[in-house]
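Novice: curious how this folds, go ahead:
(one chain, ligands or ions: 1)
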Amino acid sequence: MIPTPGPVLAADLGGTKITAGVVLGSGEVLAVRTVATGAMRGPDAILGDLHRQLRAAQAEALAAGAAEPVAVGMGTAGVVDPASGVITAATDAIPGWVGTAIGPRTQEELGLPTAVLNDVHAHGLGEAVAGAGADRDSMLLVAVGTGIGGAIVRGGQVVTGYRAAAAHVGHVPVPEADGVRCTCGRMGHLEGLASGPGTLEAYRRAGGQAADTRELVARAEAGNALAVRVLDRCAHAVGRMIGAMLNVFDVEAVVLTGGMAGAGQLWWDGVREGAAAEAMDLMARAPILPAGAGANAALLGAAQFARQLEQPKGR
Ligand SMILES: [Zn+2]
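Specialist: Numbers count the residues shown, from 1 in each chain. Take a look at the predicted model:
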């Protein structure tokens, strides 16, 4: 097992941006930098930028007096096999991403043991270590933004699943999404209805007009009846999914993050009502909380995953 106190080089690679930094044993994050992913350039160019960012973060942290890093931990878009470090499934947000050996290539490039996991899983682990899930037995992270993703953390370990794809909570059926096509191509899934873009589309289908989701939320907060109804319906659907997940997994707490989690009280009220309506009485006591680990949550989770390299994986 890697000694806990050593610094870990950490990265969070998404469809729009790459963030890298150094996570100290204390949990302090140093030398954070972000560049655009430039997803259309393909995996080779993206990995080149990723490795440059990691090296630059390492140099900056060393210059600031940090010790030599002991490992690399990375969260990435797509499903990644934790054993091989290869991407096994991904959306078309990064063309050609499936099959990319991000783990082995980073290990070779940086000369350090490297652990890779899904970016939402990394985010969830970060919240469990340093955010709203700290000191809790178990939690479900739900990220509602461009898409809807999730992560289950139990006993400090992210439940990656047999195929490393666990907690795809956006792809469960909810009645509010009947007849709505999901980003995965199926009908009636939560994500098609209640992601940020999904919520905006629902408003437009109902006859409303807004330039973006932010404008729709502002209209709802100002009391526009149609905007209120649509936002509430989408939030209620998110809550319904959360209630169902509580019934299945009985986690101690639920933590919400992503753009929609910043949408205000109306949205939160809808989520909490939906969850309370769906969860069985015992599970309905579970607190539903805003994320608390801040902008570096995924880096913290990725670093933690690297520290757990030699420990049994949670399934
Ligand atoms: Zn789906």
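Novice: tell me what the longest helix along the chain is packed against?
Specialist: Across the chain, the longest stretch assigned as helix under DSSP state H is helix 225-249. Judged by 3 or more Cβ pairs under 8 Å, 6 or more residues apart in numbering; DSSP states H and E, helix 225-249 is in contact with strand 138-144, strand 148-154, helix 190-194, helix 196-205, helix 213-221, strand 253-257, helix 265-278. Every residue, glycine included, has its C-beta placed from N, CA and C.
Novice: what is the burial count for residue 218?
Specialist: Residue 218 has 15 neighbours, counted by other Cβ atoms under 10 Å.
Novice: quick one: contacts for it?
Specialist: Residue 218 makes no contacts at all, as judged by Cβ atoms under 8 Å, 6 or more residues apart in numbering.
Novice: rewinding a little: between strand 138-144 and the longest helix of the chain, find me the angle.
Specialist: Orientation check (axes from the mean of the first three to the mean of the last three Cα atoms, to 10 degrees): helix 225-249 against strand 138-144 gives 150 degrees.
Novice: how far does helix 225-249 sit from its chain's centre?
Specialist: Between the centre of helix 225-249 and the centre of its chain there are 19 Å (Cα atoms, centre = their mean, to the nearest Å).
Novice: wondering if that helix reaches the ion at all.
Specialist: No: counting by Cβ under 5 Å from the ion, the ion is not contacted by helix 225-249; separation bottoms out at 11.8 Å.
Novice: out of the helices and strands packed on helix 225-249, which gets nearest to the ion?
Specialist: With Cβ to the ion as the measure, helix 190-194 is the member of those nearest the ion (5.3 Å).
Novice: OK, contacts around residue 170?
Specialist: Applying Cβ under 8 Å, 6+ apart to residue 170 gives the contacts 147-150, 182, 189-191, 195.
Novice: and these, which two are the farthest apart?
Specialist: By the measure Cβ to Cβ, 150 and 182 form the most distant pair in the contacts of residue 170, at 14.9 Å.
Novice: between these two, which is the more surrounded one?
Specialist: Using other Cβ under 10 Å, the more surrounded residue of residue 150 and residue 182 is residue 150, with 25 against 21.
Novice: in this structure the more buried one contacts residue 127, no?
Specialist: No: with contact defined as Cβ atoms under 8 Å, residue 150 does not reach residue 127; the gap is 11.4 Å.
Novice: list the residues that contact both of those two?
Specialist: Residues touching both residue 150 and residue 127 (Cβ under 8 Å, 6+ apart) are residue 141.
Novice: for residue 139, grab the count of nearby residues.
Specialist: Residue 139 has 27 neighbours, counted by other Cβ under 10 Å.
Novice: that one - nearest residue in space that isn't next to it in sequence?
Specialist: residue 133 (3.8 Å; Cβ to Cβ, 6 or more residues apart in numbering).
Novice: so who does that neighbour touch?
Specialist: Contacts for residue 133 (Cβ under 8 Å, 6+ apart) come out as 124, 127, 139, 141, 153, 253, 255.
Novice: from what I see, the last one and residue 131 are in contact.
Specialist: Yes: with contact defined as Cβ under 8 Å, residue 255 reaches residue 131; the gap is 6.9 Å.
Novice: which residues do the two both contact?
Specialist: What both residue 255 and residue 131 touch, as defined by Cβ under 8 Å, 6+ apart, is the set 291-292.
Novice: re earlier: okay if I get the helices and strands packed on helix 225-249 as JSON lines plus mean pLDDT and distance to residue 107?
Specialist: Shown next, in JSON lines, are those (pLDDT from 0 to 100; distance: least, Cβ to Cβ, whole Å):
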{"stretch": "strand 138-144", "mean pLDDT": "98", "distance to residue 107": "27"}
{"stretch": "strand 148-154", "mean pLDDT": "98", "distance to residue 107": "24"}
{"stretch": "helix 190-194", "mean pLDDT": "98", "distance to residue 107": "33"}
{"stretch": "helix 196-205", "mean pLDDT": "98", "distance to residue 107": "35"}
{"stretch": "helix 213-221", "mean pLDDT": "96", "distance to residue 107": "39"}
{"stretch": "strand 253-257", "mean pLDDT": "98", "distance to residue 107": "29"}
{"stretch": "helix 265-278", "mean pLDDT": "97", "distance to residue 107": "40"}
